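K.L.:
show me how the following folds:
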Amino acid sequence: MITNGPQLIAYADRFGGSIAGLTQLLNGPLAGVFDGVHILPFFTPFDGVDAGFDPQDHARVDPRLGDWSDVSSLARSELIAADVIVNHMSAESSRFADVVARGDQSPWASMFLTLSSIFPNGVTEEDLARIYRPRPGLPFTAMKLGGVKRLVWTTFNPQQVDLDIRAAATWDYLTEVIDALTSAGVGLLRIDAAGYAGKEAGTDCFMTASTYAFMTRLADHIHSRGAKMLLEVHGHYRSQLELAAKMDYVYDFALPPLVIHALTTGDLAPLAAWLDCRPTNVVTVLDTHDGIGIIDAGPLDGQPGLLTPAQIDELVIGIHSRSRGSLQATGAAASNLDLYQVNCTFYDALGRDDARYLLARLIQLFLPGIPQVYYVGLLAGVNDLDLLAETGSGRDINRHRYEACEIEQALTLPVVRAQLAALRLRRDHPAFAGAFRSSFDGTVGDFTWAQGEEAVSLSFDAADTSFQVRVRQGGAWRVVLTQETLRGSA
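P.N.:
As a prediction, the model looks like this:
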């Protein structure tokens, strides 16, 4: 069953070393902290060009991490979320290798998109310029299929070949993946890069009518397997409102930039405006394996955003000025350039300020929705400049590989201990199953949850990042966490 309790986001190989190692952490030092875990791609191979988001075999656990029995074992104690990568598969997959060898004679040929798949009657300059892509350039790679040179659709990189969702073979493949995951007890399926799946001529090939229809079809199959669906779509905040009305869960990707803006400028107005219209069937994050999303709070295609262009610029410049190395990991400096993110840990984005960072986490935990906490953020991780230098991939700055001794040491840090206490409160206190109320007065905010006589509240001042977490028991309020408590335990 999916609850509103907090969930962890982690790579099994980078946090525990394997699925069994991750399970040991959740049952050991992190016992009682989370209600679930999003295990980032553990498929074969987990260490491809995009850290597992380029599976060769999406229905098989990489044997270096374990097997399906390890997933099932963890599912008995934790809700598991896992990725269904609908837009593409690895160019090294056996299916695509057969298409490379045999071209249109391959039984898998219909699965993979080429330029002519979407534009059978030819393409114009206007058609090509209209295509939305998260990186510069056109989303095509010249490859030989059956000895014939073709332009293969590769939205993200040449090693990730896009799928044609119209093909029966694609549907059979994706349902095979879904059935493997749900058979192992996975209860929440995250649909990765969902917005790019339905390409249509005459559109920008992003969140098209066919995309919506396909997501509905996927949801029906997922529901038939007893699971729920979480859509991953970066875009204008209004698109999340539309998606939330139709789907089980969407991400609140607008929250991270709004929190950084509030806690670095003292301006709570954009956050307050978002809470006035924000859906509640959301998964909240601060940072993820993809860094810190920015586009979701800003203007897009002529639509005003929650933050103005000037505020977005100030936000990004501020992150780079406070952090160490994020500038060299973001934009043209990063081999995996994305237009909608800053590659940086959230702790570094806030200048490694413990009180400000803890307040950011508290704001996340007190808002309606399901809070997910990225493993690097849980341990107040800093930018991994060594890994960035090793791989040249901008996202790796926020994908540290933790050794057991590093985890043990990080769990002793005051800011980490305070986060764990806040997460346990969010998970266990009955008031979080009740009614939520928020109020703002200048730089001061107040969030309260109440159910009967039980209540919890967060009061904070964005200007000086002071805060109080209080719990009401027997009609009396008791303070359980403040910034002074954090500093006093340092």
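K.L.:
just give the number of residues close to the spatially closest residue to residue 17 that is not a sequence neighbour.
P.N.:
The shortest distance from residue 17 to any residue other than its chain neighbours is 7.8 Å, reached at residue 404 (C-beta to C-beta, 6 or more residues apart in numbering). Quick note: C-beta positions are derived from backbone N, CA and C, even for glycine. Other residues lying near residue 404 total 12 when counted by other C-beta atoms under 10 Å.
K.L.:
so what pairs up with the most centrally placed residue in the chain in the strands?
P.N.:
Here the mean C-alpha position of the chain is nearest to the C-alpha of residue 288 (C-alpha atoms, centre = their mean), at a distance of 4.9 Å. When bridges are assigned using DSSP bridges, the partners listed for residue 288 are residue 291.
K.L.:
contacting residues for it?
P.N.:
Taking C-beta atoms under 8 Å, 6 or more residues apart in numbering as the definition of contact, the neighbours of residue 288 are 9, 372, 374.
K.L.:
residue 370 too?
P.N.:
When contacts are counted by C-beta under 8 Å, 6+ apart, residue 370 is found next to 2-7, 249, 282-284.
K.L.:
returning to what we had before: out of the contacts of residue 288, list just those in strands.
P.N.:
The strands in this structure, assigned by DSSP state E, contain 9, 372, 374 from the contacts of residue 288.
K.L.:
residue 275: what secondary structure?
P.N.:
Assigned with DSSP: H, G, I helix; E, B strand; the rest coil, residue 275 falls in the helix class.
K.L.:
next: the one 4 residues further on.
P.N.:
Under the three-state scheme (three-state DSSP), residue 279 adopts coil.
K.L.:
pull the number of nearby residues for the closest residue in space to it that isn't next to it in sequence.
P.N.:
In space, not counting the residues next to it along the chain, residue 279 is nearest to residue 244; the distance is 3.6 Å by C-beta to C-beta, 6+ apart. A count of nearby residues for residue 244, using other C-beta under 10 Å, gives 19.
K.L.:
ok, residue 244 touching residue 254?
P.N.:
No. With contacts defined as C-beta atoms under 8 Å, residue 244 does not count as touching residue 254, sitting 11.9 Å away.
K.L.:
any idea which element the residue nearest to residue 440 when sequence neighbours are not counted lies in?
P.N.:
Distances taken as C-beta to C-beta, 6+ apart put residue 272 closest to residue 440, at 4.6 Å, once the chain neighbours are dropped. With elements delineated by DSSP states H and E, residue 272 resides in helix 269-277, which encompasses its position.
K.L.:
domain assignment for this structure?
P.N.:
Here the chain is described, according to automatic domain parsing, as comprising the domains 7-87+168-430, 94-162, 433-488.
K.L.:
which of these sits most buried?
P.N.:
Among the domains of the chain, the stretch with the highest mean neighbour count (mean count of other C-beta atoms under 10 Å) is domain 7-87+168-430, at a mean of 20.
K.L.:
got the phi and psi for residue 282?
P.N.:
phi -120, psi 160 (degrees, to the nearest 10).
K.L.:
thought it was touching residue 251?
P.N.:
Yes. Residue 282 lies in contact with residue 251 (C-beta under 8 Å); the separation is 6.5 Å.
K.L.:
list residues touching both of these two?
P.N.:
For the pair residue 282 and residue 251, residues contacting each of them under the criterion C-beta under 8 Å, 6+ apart are residue 240.
K.L.:
sorry, back to before: partner strands of the helix or strand just after the helix holding residue 272, with direction?
P.N.:
Moving toward the C-terminus from helix 269-277, the next helix or strand (DSSP H and E) is strand 282-284. With DSSP bridges as the test, strand 282-284 is paired with strand 249-252 (parallel), strand 370-374 (parallel).
K.L.:
please list the residues outside strand 282-284 that contact it.
P.N.:
Taking C-beta under 8 Å, 6+ apart as the criterion, the residues outside strand 282-284 that touch it are 7, 230, 240, 244, 249-252, 255, 364, 367-372.
K.L.:
quick one, phi/psi of the residue lying closest to residue 181 once chain neighbours are set aside?
P.N.:
In space, residue 181 comes closest to residue 82 once its chain neighbours are excluded; the distance is 5.3 Å by C-beta to C-beta, 6+ apart. The phi and psi values for residue 82, taken as degrees, to the nearest 10, are phi -150, psi 160.
K.L.:
show me what residue 82 is bridged to.
P.N.:
residue 189.
K.L.:
go on, residue 151?
P.N.:
Beta bridges link residue 151 to residue 142, judged by DSSP bridges.
K.L.:
residues touching it, list them.
P.N.:
Residue 151 makes contact with 114-116, 140-142 under the criterion C-beta under 8 Å, 6+ apart.
K.L.:
what ranges does the stretch 51-200 of the chain have for its helices?
P.N.:
Secondary structure of the stretch 51-200 of the chain (DSSP state H, counting those that start in this stretch): helices located at 68-75, 94-102, 115-118, 125-130, 168-183.
K.L.:
so the closest residue to residue 360 other than its chain neighbours, which state does it fall into?
P.N.:
In this structure, residue 360 finds its nearest non-sequential neighbour in residue 259, 5.1 Å apart by C-beta to C-beta, 6+ apart. Of the three states, residue 259 takes helix according to three-state DSSP.
K.L.:
hmm, residue 363 and residue 259 touching each other?
P.N.:
Yes. Contact between residue 259 and residue 363 holds when scored by C-beta under 8 Å: they sit 5.7 Å apart.
K.L.:
residue 262 and residue 442, how far apart?
P.N.:
12 Å (C-beta to C-beta, to the nearest Å).
K.L.:
quick check: neighbours shared by the two?
P.N.:
Applying C-beta under 8 Å, 6+ apart, one finds that residue 262 and residue 442 are jointly contacted by residue 268.
K.L.:
could you list the low-pLDDT ranges of the stretch 201-350 of the chain?
P.N.:
331-340 (pLDDT under 70).
K.L.:
swap in 80 and give it another go.
P.N.:
Judged against pLDDT under 80, the low-scoring parts of the stretch 201-350 of the chain cover residues 329-340.
K.L.:
and for the stretch 351-490 of the chain?
P.N.:
Under the criterion pLDDT under 80, the flagged ranges of the stretch 351-490 of the chain are 485-490.
K.L.:
what about the helices in it?
P.N.:
Listed from the start of the chain, the stretch 351-490 of the chain has helices (DSSP H, counting those that start in this stretch) covering 354-366, 375-378, 385-391, 404-410, 414-428, 483-488.
K.L.:
those: which one's closest to residue 104?
P.N.:
Between residue 104 and these, the tightest spacing by C-beta to C-beta is seen for helix 385-391, at 36.5 Å.
K.L.:
residue 246 is in contact with residue 216, correct?
P.N.:
Yes. Residue 216 is within contact range of residue 246, at 7.3 Å (criterion: C-beta under 8 Å).
K.L.:
distance from the chain centre to stretch 77-85, please.
P.N.:
Its chain's C-alpha centre and that of stretch 77-85 lie 13 Å apart, by C-alpha atoms, centre = their mean, to the nearest Å.
K.L.:
sounds good, over and out.
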